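> just need the structure, nothing else, for what follows:
(chains A and B, ligands or ions: 2)
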Amino acid sequence: MTAPAAPHGRRAFLRAVLAGTAVVAGTALASRLGGYDVDFRRAAYLKTLSPWHLAVLDAVAARLCLADVPYDSIGAPPHPSEVGVSEFVDAFVAAAHPTVQRDVKGLLALVEHLWPLRCGYAHRFTRLDAAAQDDVLAKMESASIGLVRGAFAGLKTLVMMGYWRDARTWGVLDYDGPLVGRPAGGFTPLRYRPLRGTP
Amino acid sequence: MMWRGRDLDHDVALDVDAVVVGTGAWGSIAARALARSGARVVAFEMGSDHLASDMTQREDEMLPALFQDRAGRMTDDLAITVLQGRGVGGSTIHNTNLCKRIAPEILELWQRRHGVVGCSEADLRPAFESVERLLSVAPIPDDSVNANNDVLRRGLAALGWRGGKLSHNRTGCQKSGFCELGCAYDAKNNARKVVLPLAIEAGLELWADVEVERVLHQGGRVTGVRARAASGRPIEARARVVVLSASAVGSVALAIASEVPDPHEQHGKRLRIHPGAAVAGVFGDDGAQTIQGWKGIPQSWECTELLDLREGSDKRVWILPAFAHPIGSAVTIPGFGAAHMRAMRNFGRLAVLSAMVHDETMGHVYLARDGRPALRYPMLESDSAQLALGLRSAAKLLLAAGAREVIVPGIPPIRATREKDLAAVDASFARPHGLPMTAVHPMGTMRMGEDPRVSVVRSTGEHHHVKGLFVLDGSLFPTSLGGPPQIPIYSMAEHLSRHAVEAARRG
Ligand SMILES: Cc1cc2nc3c(=O)[nH]c(=O)nc-3n(C[C@H](O)[C@H](O)[C@H](O)COP(=O)(O)OP(=O)(O)OC[C@H]3O[C@@H](n4cnc5c(N)ncnc54)[C@H](O)[C@@H]3O)c2cc1C
Ligand code: SF4
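Numbering: from 1, shown residues only, chains lettered A, B, ... in the order given. Ligands and ions are numbered 1, 2, ... in the order given. Reported below is the predicted structural model:
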């Protein structure tokens, strides 16, 4: 048994996103595709994403994690760029199955190109001001199309993982982090260890 | 003996009596039974072997290491996150150690409606008892109830609702609270610590980092498996018995990929998952840290007021505490930006309860075009209504325990300070995409029964159409359990593995 007819299947949806993005690319909106300003030193270390993906992730992370809150007024959590959210997402996705890598790239194309258009903006996400970016993301989070909501949740998961994994963010939560490395007592030794090597 | 497939540098051909695919709750017990019988048995596990010293208590490292698809497995509409284990010990490595037997109502239903034979409560009692002894199952001590669980206890007392303290399988627990990320203190009496060493002592050869790609069969008889080590090297094992214990998703995916005969198109059908969602209560005044729910044993109390497991019941929700670490919480808290950050700053003052549905929806597992398993779960309105009932009731418990405000994390979220503000939490709200949903108990997909038109395996676990092929894991449950699956799975394994042993002897 292979995939049954899946009008709303996620693969079909992401294919549609990619096709839609290609249509956008083919129109007079060529200006939407160039001119990303990404530091070449950061770009050089990318594992699977392209520099423009990094620019989209930087912009999304800035809105998702903190928006306009003046950092020092809420106990100085770090800015997402300080904790390397986009680089984390790149490395995380690079270790995933090729289908997932393709899906995430399709998702970033959706955020950058297709969804702002759908929300009535003529510019791509990274060229919108903060209020418009928030509007695009909020409309994605509450979209009537379930898969778009799902896509937003996926993007939020990746970004939040990249942000809240960093110990510098934990002070805001009063979270004390892993206990390993501190005295725990009562350690039960393992009853067997695997052999390295093979027969 | 245990080997690591990632170190394998040559092709391997094995000739054994039995192969076990997957080393979770069921696979470990089946492997032990086969090895003890004197059979030459090999177990293949696609995931790695994680030592207690590998558990870093960090979400970003352990979630991708211990879960299938790097913890990114979802239903195909991207609505429900489905968490399943991957690694030596399977889901018992990261589970939260709750232990309950299969309810008598469920076993009776399986016999009466689904033609299951030999699995009555009396038939299973010896298996329940021996598994509970093996895993040192005991009531969770009073002094191990953390503040988040105490909120549930207080809520139950205030409302006069049914519920109580749970049993668990831990010894030497340090109450670190990191159970879902693996135990760094090896306190969990799980398949890797307790059962697999006994199987290895009895002669099991266990291969970690080896994925079985195909079950080999010919003329209605199983002949072995073809597998691939993480190093890329192929392994072929000839055997007259193959036991699929690769979970309710993995086993059926393998059967479909292997073109195991399925004349009545039953493979993958009737997937149940216990879909669940959470409600948070805010306690204390600004700045006060009153709960710190991440500390201590994560789940020690349950609410069963809304859980009646008799057929046709309109109470099908189980309420449990459910606290997450920062990443899990950040993902579940609705919204983003400044509002999200403000909500996160309440982290230490939140108590969180989850509602899990004893589901009637029948989803299914199929193979996506890239060959990976995919899950479809068109949630029934009746199950959404149960989830809504569960969320309203969880909110009521939180308010009764003294929460200032409760937050149901839908899109948009519902905030309430009084019970009557919760009316909007209804079936249309508690639907896929309406709020973040998680499922941690996939079951069904290759159900047991004596009628091959509506079941996949006999009541012995042997496939109706392929001799020597056994499916022994959560796949064979004909309905949802309405409770935690590990003891049911270990015990059914203890009860049914003898049939695989006999088949290996018979040849
Ligand atoms: C977060 C979480 C908390 C939980 N808490 C509890 C709890 O408190 N109490 C409780 O009773 N239950 C709990 N559960 C559920 C319970 O742990 C599982 O339902 C149960 O362990 C499943 O056992 P299994 O043997 O059917 O499958 P699994 O444990 O999933 O084992 C299947 C194994 O097969 C391997 N595999 C799959 N395909 C292949 C292949 N092709 N080749 C080789 N290997 C393969 C997998 O890597 C996996 O290790 C929890 C689950 C989760 C996710
Ligand atoms: S709470 Fe206990 S069982 Fe869970 S991870 Fe900590 S020490 Fe291990």
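
> in chain A, where's the longest helix?
For chain A, the helix that runs over the most residues, judged by DSSP state H, is helix A:146-164.

> show the pLDDT at the nearest residue to B:Met62 once chain neighbours are set aside.
Nearest non-adjacent residue to B:Met62, counting by Cβ to Cβ, 6 or more residues apart in numbering or on different chains: B:Leu181, 3.9 Å away. C-beta: built from backbone N, CA, C; applies to glycine. Note on B:Leu181: pLDDT of 97.

> doesn't B:Asp60 make contact with B:Leu181?
No - B:Leu181 lies out of contact with B:Asp60 (Cβ atoms under 8 Å); the separation is 10.1 Å.

> okay, those two: which has more neighbours?
Under the neighbour definition other Cβ atoms under 10 Å in any protein chain shown, B:Leu181 and B:Asp60 were set side by side, and B:Leu181 has more, 23 against 17.

> show the backbone phi and psi for that one.
phi -110, psi 20 (degrees, to the nearest 10).

> now the one 4 residues further on
Backbone torsions for B:Tyr185, taken as degrees, to the nearest 10, come to phi -110, psi 10.

> grab the nearest non-local neighbour of it.
B:Gln174 (4.8 Å).

> and the one you found, its phi and psi?
Torsion angles, degrees, to the nearest 10, at B:Gln174: phi -90, psi 0.

> helix or strand: which one has the closest residue to ligand 1 within the stretch 251-400 of chain B?
Nearest residue of the stretch 251-400 of chain B to ligand 1: B:Leu254, at 5.1 Å (Cβ to the nearest ligand atom). Per DSSP states H and E: B:Leu254 is located in helix B:247-257.

> I'd guessed A:Ala95 sits against B:Glu61; true?
No - under the criterion of Cβ under 8 Å, A:Ala95 makes no contact with B:Glu61, lying 11.5 Å away.

> OK, contacts around the closest residue to B:Pro442 other than its chain neighbours?
Distances taken as Cβ to Cβ, 6+ apart place B:Ala248 nearest to B:Pro442, at 4.2 Å, with adjacent residues excluded. Counting by Cβ atoms under 8 Å, 6 or more residues apart in numbering or on different chains, B:Ala248 makes contact with B:Leu271, B:Val365, B:Pro442, B:Met443, B:Gly444, B:Thr445, B:Met446, B:Asp473, B:Gly474, B:Ser475, B:Phe477.

> may I ask you to confirm that the second one belongs to a helix?
I take that to be B:Val365. No - B:Val365 is assigned strand when assessed by DSSP: H, G, I helix; E, B strand; the rest coil, not a helix.

> what residues are up against it?
Contacts of B:Val365 (Cβ under 8 Å, 6+ apart): B:Ala248, B:Val249, B:Val252, B:Ala253, B:Gly268, B:Leu271, B:Pro373, B:Ala374, B:Leu375, B:Arg376, B:Thr445.

> before we move on, back to that, what's the first helix or strand after the helix holding B:Leu254?
With DSSP H and E, the next secondary element past helix B:247-257 is strand B:269-272.

> other SSEs contacting the following helix or strand past that following strand?
Once the chain leaves strand B:269-272, the next helix or strand it forms, by DSSP H and E, is strand B:276-282. For strand B:276-282, the contact count by 3 or more Cβ pairs under 8 Å, 6 or more residues apart in numbering or on different chains; DSSP states H and E identifies strand B:350-357, helix B:381-400, strand B:405-408, strand B:437-439 as packing neighbours.

> tell me which of those is the most buried.
Comparing the helices and strands packed on strand B:276-282 by mean neighbour count (mean count of other Cβ atoms under 10 Å in any protein chain shown), strand B:350-357 ranks first with a mean of 27.

> that one and ligand 1 in contact?
No - figure legend: strand B:350-357 not in contact with ligand 1 (Cβ under 6 Å from any ligand atom); closest approach 10.6 Å.

> in its sheet, what does that strand sit against?
strand B:276-282 (antiparallel), strand B:317-321 (antiparallel) (DSSP bridges).

> what are the buried residues along the shortest one?
By neighbour count with 16 or more other Cβ atoms under 10 Å in any protein chain shown, strand B:317-321 contains the buried residues B:Val317, B:Trp318, B:Ile319, B:Leu320, B:Pro321.

> how much space between the residue nearest to B:Met62 and ligand 2?
Using Cβ to the nearest ligand atom, to the nearest Å, we find B:Leu181 at a distance of 7 Å from ligand 2.

> next: B:Arg221.
B:Arg221 sits 43 Å away from ligand 2 when distances are taken as Cβ to the nearest ligand atom.

> identify the residues contacting that residue.
Contacts of B:Arg221 by Cβ under 8 Å, 6+ apart are B:Arg240, B:Val466, B:Lys467, B:Gly468.

> swap the cut-off to 7 Å and go again
B:Val466, B:Lys467, B:Gly468 (Cβ atoms under 7 Å, 6 or more residues apart in numbering or on different chains).

> same question, B:Phe178
Applying Cβ under 7 Å, 6+ apart, the residues near B:Phe178 are B:Gln57, B:Ala184.

> A:Tyr36 belongs to a strand?
No - counting by three-state DSSP, A:Tyr36 falls outside a strand, being coil.

> surely it touches A:Ser50?
No - with contact defined as Cβ atoms under 7 Å, A:Tyr36 does not reach A:Ser50; the gap is 8.8 Å.

> burial of the residue nearest to B:Tyr185, as a residue count?
Neighbours of B:Gln174 (other Cβ under 10 Å): 18.

> pLDDT value on it, please?
On the pLDDT scale, B:Gln174 gets 93.

> next: the one 3 residues further on.
At B:Gly177, the pLDDT value in this model is 95.

> what residues go with each domain of chain B?
Here the domain parsing of chain B from automatic domain parsing is B:2-67+B:84-136+B:184-270+B:443-506, B:142-170+B:273-439.

> can you lay out these as TSV showing distance to A:Pro116 and mean pLDDT?
Putting the domains of chain B into TSV (distance: least, Cβ to Cβ, whole Å; pLDDT from 0 to 100) gives the following:
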stretch	distance to A:Pro116	mean pLDDT
domain B:2-67+B:84-136+B:184-270+B:443-506	30	96
domain B:142-170+B:273-439	16	94
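
> okay if I get these as JSON lines plus distance to A:Tyr121?
Converted to JSON lines, those look like this (distance: least, Cβ to Cβ, whole Å):
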{"stretch": "domain B:2-67+B:84-136+B:184-270+B:443-506", "distance to A:Tyr121": "33"}
{"stretch": "domain B:142-170+B:273-439", "distance to A:Tyr121": "18"}
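
> so which of those gets nearest A:Leu108?
Evaluated over the domains of chain B, closeness to A:Leu108 peaks at domain B:142-170+B:273-439, with 16.5 Å, by Cβ to Cβ.

> just the closest residue of chain A to chain B, please.
A:Gly150 (2.5 Å; Cβ to the nearest Cβ).

> quick one: that residue from ligand 2, how far?
From A:Gly150 to ligand 2 the distance is 31 Å (Cβ to the nearest ligand atom).

> list the contacts for the residue nearest the centre of chain B?
When chain B is reduced to its mean C-alpha position, the nearest residue by Cα atoms, centre = their mean turns out to be B:His441, at 3.6 Å. Taking Cβ under 7 Å, 6+ apart, we find B:His441 in contact with B:Ile273, B:His274, B:Pro485.

> can you give me the neighbour number for the second one?
The burial metric for B:His274, expressed as a neighbour count using other Cβ under 10 Å, is 22.

> hmm, it is touching B:Ser480, no?
Yes - with contact defined as Cβ under 7 Å, B:His274 counts as touching B:Ser480 (6.3 Å).
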